[in-house]
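In: next comes the sequence, and after it the predicted model I'd like to discuss.
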Amino acid sequence: MTGAGRRGFSLIEIVVALAVGAILMALVGSVFVSSLRAWRHGQNLRDAQSHAATLVDVMARDVRAASQAPSVRVRPPIELPEGEPLLALSSPATEGGPAWIVYVFVSERQEVRRQVVTFSPAGAAAVRESRPVGSGVTRISVEQVADGVTIEAEVTRDRTVGHSRTTAAPRNP
């Protein structure tokens, strides 16, 4: 077969086909990118929610394990090397004397730390043990309510914010 029965594609047809193919690939790529972005946002939200809930639950567990009201103090007037004391709970005496579990918010590092603090006879606080219990904490509040406390935390993961809130009261007599 020669001649008129066999015909190839013209340059215009090839250019149009390539343009339509490029537009379709761009659409498929944008759908993929937006679904990946939505997946990351969901992952960050689950992570932030989980960390906020864990932080609030750890603090509430210590409150529930504490003795009645005198052993739970909101915003205690304790001078510590860093951070703002949020909550203090009396703990069984250690070798260094009476001890307190103190939750401290270190805003510069967006971190909440659980510290075991003892006091010298002169009244100076000494941190015996310190460990982080929450990171990425942008806001935390502890408020006295009835015979317990309400703890609310806000945790951020890559510009996604998770919240958690609970109320706990001492259970021990």
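Out: Sure, I can see it.
In: three-state assignment of the nearest residue to residue 145 once chain neighbours are set aside?
Out: Leaving aside its chain neighbours, residue 145 sits nearest to residue 167 (6.1 Å; criterion: C-beta to C-beta, 6 or more residues apart in numbering). C-beta here means a position set from N, CA and C on the backbone, and glycine is covered the same way. Per DSSP: H, G, I helix; E, B strand; the rest coil, the secondary structure class of residue 167 is strand.
In: roughly how far apart are residue 167 and residue 147?
Out: 10 Å (C-beta to C-beta, to the nearest Å).
In: ok, back up a step: contacting residues around the residue nearest to residue 145?
Out: Shown in contact with residue 167 (C-beta atoms under 8 Å, 6 or more residues apart in numbering): 60, 145, 148-151.
In: again, but for residue 60
Out: Applying C-beta under 8 Å, 6+ apart, we find residue 60 in contact with 151, 166-168.
In: nearest to residue 27 among those?
Out: For those, the minimum distance to residue 27 (C-beta to C-beta) is 45.9 Å, reached by residue 166.
In: right, and the closest one touches residue 150 too?
Out: Yes - the pair residue 166 / residue 150 is scored as a contact, 7.3 Å apart, by C-beta atoms under 8 Å.
In: sticking with the most centrally placed residue in the chain, tell me its helix or strand.
Out: When C-alpha atoms, centre = their mean is applied to the chain, the residue found nearest the centroid is residue 155 (3.3 Å). Following DSSP states H and E, the helix or strand that holds residue 155 is strand 148-157.
In: list of residues touching that strand?
Out: Strand 148-157 has contacts (C-beta under 8 Å, 6+ apart) with 44-45, 47-49, 51-52, 55-56, 59-60, 63, 72, 74, 87, 110, 112, 134-143, 161-170.
In: strand partners of it, parallel vs antiparallel please.
Out: The strands beside strand 148-157 in its sheet (DSSP bridges) come out as strand 137-145 (antiparallel), strand 160-168 (antiparallel).
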